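> Take this sequence and fold it.
(chains A, B and C)
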Amino acid sequence: MSTFLVRRLFSACLVLLGVSLATFMVARSTGDPITLLVPSNATEAARTELRAHLGLDQPAPVQYALFLLHAVQGDLGSSFVYKQRVLDLVVNRLGATFELALAAFAIALVLGIGLGMLAALKRNTVVDFAITAFTMMGLAIPPFWLGLILIIVFAVRLQVLPVSGSDTAAAVILPAITLSLQSTARLARLLRSSMIEVLEADYIRTARAKGLMGRRVLWLHAFRNALIPLVTMAGLELGDLISSAVVIEAIFAWPGLGRLAITAVAQRDFPLLQGAVLVAAACFVTINLLVDWLYTRIDPRVVLR
Amino acid sequence: MKERKHPFRLAVSDLGTSAFVAGHPHHKTRDAQMTTAPMMNRRQIGQGAAALAVLLAMPRSGYAADAKPVIIASEEDVSTLDPHLIRNNHPIGTVVWSVFDSLVRRNADGSHEPRLALSWEQAEPTRWRFKLRPDVMFHNGENFDAAAVVFNFNRMNVSPYNAESQLWPGTNLKAVVAVDPMTVDLVTAEPTINMLYWLEEAFVGAPKYLKDTAPEVVSANPIGSGPYRFVSWKQGDRVTLTANPTYWNGAPPIKDVVFRDIPELSSRINELKAGSVDVAVGLTPDTAGGAKSPNSKVVAVNSLRKMHMGISFTGIAPLKDKRVRQALNHAVDVQTMIDTLQGGMTKPLLSLVNPPNNDPSLKPFAYDVEKAKSLLKAAGQEGFELQVAYGRYPGAKEVSETVASYLEAIGLKPKLEAYETGRFEEMLKQKAFTGIYYYGWASLINPSVELVILTSDAVDNSNGYNNPEYDKLVKTASVTLDEAKRKAILKQAEDFIWDECPWVYLWYLPAIYGLSTRLDYAVRPDEYIEIYRAKLAG
Amino acid sequence: MRPVPWLGVLGSLLIAVAVAVAVTAPWIAPAKPTQLDLRARLAPPAWVDGGKSNHLLGTDNVGRDVLSRVIWGSRISLTVGTAAALLGMLLGSTLGLLAGYFRGGVDAVISWLINVQLAFPFTLLAIFLLGTVGGGFAAVVVVLALATWVNYARIVRGQVLAIRERDYVLAARAVGVPTGRTLLRYILPNTAAPIVVVASFSTAQAILTQAALSFLGVGIDPSVPSWGAMLDEGRNYLQSAWWIAVFPGLAIALTVLGVNLLGDWLRDWLDPKSAA
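Here you go, the predicted structure:
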């Protein structure tokens, strides 16, 4: 177990290294950020001073090396625009993004599992068909479009939920539903088909034919087996939710990491962008480490190398 | 429009060298407006600190106990609240104006009035003397005096603050001298008459706090002497301010103010209609109608921002011919665009000089397709391909598409190009556009300032217009002290540049705000919101 | 034996309609998609009060015919979606094939690339690249391919790992068939089925992502009508002129639905075991 952990941690670090290098290269390829950071009538002297102040006068490899050196010490540098520590800024927003992503994840899990089980249970009935229709539409509707429509229906016409913001518990409902739609649909579909697959397996058929399995045991057994792909998928989904929150955050004025990063892009705030991307990637990597660990709990046959 | 504020390198203008003293009748009326707070608060100021502390501990009178905070919804969040790093008029400028004081205050019409300075005079051509307001205290208890001004202004002159603060380069400032605790001299390298303009954006923070505190703390926890005290900033979400009960001009009429960041326009409007927002910033003409409700009204003002399609002089050859540029202006039906896209909420540009200083004999170019075609023919430039570029500004796409279709109608081949916000600004700064681009220019009500941006060495000259004759006119005006003579030269320059068509002239950007019915506030044309001048109706 | 795959038929139909519309756009569109008329702007659909018969689905904020733009917009969505899925397929399958076949160091590097790509918040990457490099058809296709290649690489790698140990592959290698030939002749064909399935879902994903990027204001040349850009244009009119955003939204949903249904059916058909 401990060698496994060390190996996985090492590979996770390599992944983060790759992400940071990619971000750094993409960022530096976009030109001199000083142009955007100062008013056009700032003096050349002020520009040169600022460049030195921000460490932009160093060669790119040195800048990257310094960034890494500081990053491993938990220092992601200082934002060009906010003039604050990147780590503080990012952590500040991470909470909001987590809140939204976890709320969406909870909805996706509950609805996805519920609908998936129900569809498998009532296979080839009207219920199954309706659920399939719902999941197919869920996958096909652009989420940002749905978000705008939900605002108009629930917040403007019916006035039962807040339009935007994050100050009340109710405010999370609309963005979370919007964000969860695709995940819900994917999880429901996955669960339905893996449940059915297990139920169709020969040994189960035999057991059923012989009346060896009670209905309840049967479903529990099937669900346990269907859990494995579900957990894999759920891990990826949670990571995906954090990344796709970008658009949803803008529509619902949600003060999350995605909007921070979009601002950073528009203002060429490199340290902030690097920090935001790195932290988002770290979350993704961590979640997947957890998923791997969960495997061992669900299925004793899985041996981790 | 979400843009960086446009600071201007000012030339010597028509403000002259006279002394400005508090108590000018014009200022008095403004002052009266500003002191609508209960008189009791004013009396408090005179009391000793101990008495003040007692009063502070008591519930503040004058505010309704159940009054909800006034909420201002903007398209973006503030990024830093350091008083010397103001990156835009709104929302950063608006918050800084509320928490900090400058020596001089800028009125909505561009005139000046005392703020932390009581009076001022130009003692010598290169020496401005300011008498400071006594008994002013910063929110943390520090005292305001000449030393505070010296510290703050010197801070603006070091990196990174000198990249954003324009006081020093804008005025050719050489030294800041404390003459006595309540008198400050500003010494400039050359005579300047733009001192007041730049002072209006030079804010004074608590000096000891600024000196002893880490920059990242300062930029997130501003401490000034202004009408509002900073309470909290939840990044990406809201900034909360509360009234300063000991403000030298009396506590502001509204107790709590919240600046919310709501990027989606439809969400801002929906919140306004739902009654959960009091000011929705940045409405468009098409959405204005939908923002009216029992809870809300819509207020529009012609802003100082002159919308146009900038014509590049560093790009394709045909645009260097004046006849071609005039043809472009004749090809676009500006009035119809205003009546439809702008909902009739503005009027065509009449000059590059903002009213009321514009030459009334100038008239917008008439919409005349035939004339446009014959001008192109005369120039021997027909059917050329032309870049039509725009950024992510509200309405930019529809305006650019419409202009492109008008240009197509005179036989040109317009090519629409969309730019991401940051990229668009880079292109402007590098004069990299090759065709025409949608842009707005905001400025003072001040002819020489407005005309200077098209001189060849102006840093904000984004289309690369370069004409020695024009440069000479503007430069001559800037050193002509005789007012009548200067005005004549400026008029000559104004008429000259209008005929030159460096832009496809469009309209004055209508600044449209959604206001809740409970709020009583007169909006400004320059995008700042002076919330301390607002009050609750009824 | 198996029942008629109604959903597959429906999916094929939807796609057929979309393709037909895209191909015949110049003939069936009632107006030029870029033809604007300010005086006729924001006209509602024909069946709504104030609607005009010459604008069946109404007009947008500069008076262009919404129906014509929806028709022409199908071209961008379909070509970008397909091109991105194909480019992603080429890239992902190749890398997956190499990783699965050679294993060892090659596999380690490619797996690392896959993990880096998965961990990278894609939307940000796209906005950043398209914003700074500039949009355009090719740029959008490349960026979307960056989003989809991982799907292929993972599946193909897994398949190849299993197939390479099969007898006929081992035999081919034993008799000295060159590596390239082994890969193309004996291994690649056996990964075709999952690739086709991934391709259909990747196309759907690319269409949706392209719309999201246009919605965020980065992407395709704005003079070409695209569904995503129409949604962006209509976002501020949802309450006053809903038709600007609703119809392109429906068009996207129906097209993606069609592609997904077809993908489902393909998967069942190619892999009867997974049928449900």
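> Around chain A, pick out the residues from the stretch 101-250 of chain C.
C:112-113, C:115-116, C:118-125, C:127-129, C:131-132, C:204, C:208, C:211-212, C:215-216, C:228, C:231, C:235, C:238-239, C:245, C:249 (CB under 8 Å from any CB of the partner chain). C-beta: built from backbone N, CA, C; applies to glycine.
> For the spatially most central residue of chain A, give its distance to A:W254.
For chain A, the residue sitting closest to the mean C-alpha position, by CA atoms, centre = their mean, is A:I242 at 2.4 Å. According to CB to CB, to the nearest Å, A:I242 and A:W254 sit 12 Å apart.
> Could you tell me which residues touch both of those two?
Residues touching both A:I242 and A:W254 comprise A:T97, with contact defined as CB atoms under 8 Å, 6 or more residues apart in numbering or on different chains.
> Helices of chain C, start to end?
In chain C, the helices defined using DSSP state H lie at C:6-23, C:25-28, C:66-102, C:104-119, C:122-133, C:137-163, C:167-174, C:179-181, C:192-215, C:227-234, C:243-270.
> any idea which of those helices scores lowest on pLDDT?
Across those, helix C:122-133 has the smallest mean pLDDT, namely a mean of 78.
> So for it, could I get the coordinates as CSV, restricted to C-alpha?
Provided in CSV are the C-alpha atoms of helix C:122-133 (Å, rounded to 0.1, in the frame of the first residue of the first chain):
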residue,chain,number,x,y,z
PHE,C,122,-9.9,22.6,-20.7
THR,C,123,-12.2,25.5,-21.0
LEU,C,124,-9.5,27.8,-19.7
LEU,C,125,-7.0,26.4,-22.1
ALA,C,126,-9.4,27.0,-25.0
ILE,C,127,-10.2,30.6,-24.0
PHE,C,128,-6.6,31.3,-23.6
LEU,C,129,-5.4,29.8,-26.8
LEU,C,130,-8.2,31.1,-29.0
GLY,C,131,-8.2,34.5,-27.3
THR,C,132,-4.5,35.2,-27.7
VAL,C,133,-3.8,33.3,-31.0
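> what's downstream of the top helix by length along chain B, the next helix or strand?
If you go by DSSP H, chain B has its longest helix at helix B:483-500. Note on helix B:483-500: by DSSP states H and E, the next helix or strand toward the C-terminus is strand B:503-516.
> Quick check: mean pLDDT of that next one?
Strand B:503-516 comes out at a mean pLDDT of 94.
> wait, does that strand make contact with chain C?
No: on the criterion CB under 8 Å from any CB, strand B:503-516 is out of touch with chain C, staying 12.7 Å away.
> Quick check: residues of the stretch 401-538 of chain B near chain A?
Within the stretch 401-538 of chain B, the positions near chain A by CB under 8 Å from any CB are B:E420, B:T421, B:G422, B:E425, B:E426, B:K429, B:Q430, B:V459, B:D460.
> Those in helices, which ones?
Reading helices off those with DSSP H, I get B:T421, B:G422, B:E425, B:E426, B:K429.
> confidence score at the last one?
In this case it means B:K429. 82.
> The ones in helices among the residues of the stretch 401-538 of chain B next to chain A into TSV, with extra columns for neighbour count?
As requested, these are exported to TSV (neighbours: other CB atoms under 10 Å in any protein chain shown):
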residue	neighbour count
B:T421	20
B:G422	24
B:E425	21
B:E426	20
B:K429	16
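> Quickly name whichever of those residues is closest to A:F24.
Using CB to CB, B:G422 is the member of those that lies nearest A:F24, at 17.6 Å.
> can you count the residues close to the residue lying closest to the closest one once chain neighbours are set aside?
Leaving aside its sequence neighbours, B:G422 sits nearest to A:A266 (CB to CB, 6 or more residues apart in numbering or on different chains; 4.8 Å). Neighbours of A:A266 under the rule other CB atoms under 10 Å in any protein chain shown: 22.
> Show the pLDDT at residue 217.
You didn't say which chain, so I picked chain A. For A:V217, the model assigns a pLDDT of 67.
> Let me rephrase: I mean chain C.
pLDDT, C:G217: 72.
> now swap in B:S443 and tell me
pLDDT recorded at B:S443 is 68.
> Am I right that A:G55 falls within a strand?
No: per DSSP: H, G, I helix; E, B strand; the rest coil, A:G55 lies outside any strand segment and is coil.
> for B:W120, helix, strand, or coil?
Assignment for B:W120 (three-state DSSP): strand.
> Pretty sure it sits against B:K131.
Yes: contact status for B:W120 versus B:K131: in contact at 7.1 Å, counting by CB atoms under 8 Å.
> thinking again about what came up before, okay, the helix or strand the residue nearest to B:G422 falls within in CSV with CA atoms only?
Per DSSP H and E, A:A266 falls inside helix A:257-267. Extracted C-alpha coordinates of helix A:257-267, given in CSV (Å, rounded to 0.1, in the frame of the first residue of the first chain):
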residue,chain,number,x,y,z
LEU,A,257,-12.0,29.8,-9.4
GLY,A,258,-13.2,29.7,-13.0
ARG,A,259,-14.1,33.4,-13.1
LEU,A,260,-10.9,34.3,-11.4
ALA,A,261,-9.0,32.4,-14.1
ILE,A,262,-11.0,34.1,-16.9
THR,A,263,-10.1,37.5,-15.5
ALA,A,264,-6.5,36.4,-15.2
VAL,A,265,-6.6,35.5,-18.9
ALA,A,266,-8.1,38.8,-20.0
GLN,A,267,-5.6,40.8,-18.0
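> next structured bit after that helix?
Next in line after helix A:257-267, if elements are assigned by DSSP H and E, sits helix A:270-298.
> and the residue nearest to B:D145 when sequence neighbours are not counted, what is it in contact with?
Among residues not flanking B:D145 along the chain, B:P181 sits closest, at 4.7 Å (CB to CB, 6+ apart). Counting by CB under 8 Å, 6+ apart, B:P181 touches B:D145, B:A146, B:A147.
> from memory the last one sits against B:K208, does it?
No: with contact taken as CB under 8 Å, B:A147 and B:K208 are classed as non-touching, separated by 9.9 Å.
> now stretch A:108-115: how far from the chain's centre is it?
Averaging C-alpha positions (CA atoms, centre = their mean, to the nearest Å) puts stretch A:108-115 18 Å from its chain's average.
> give me every residue that touches B:M345.
B:P285, B:A288, B:A300, B:I338, B:P510, B:I512.
> With respect to chain A, which of those is nearest?
For the contacts of B:M345, the minimum distance to chain A (CB to the nearest CB) is 16.5 Å, reached by B:A288.
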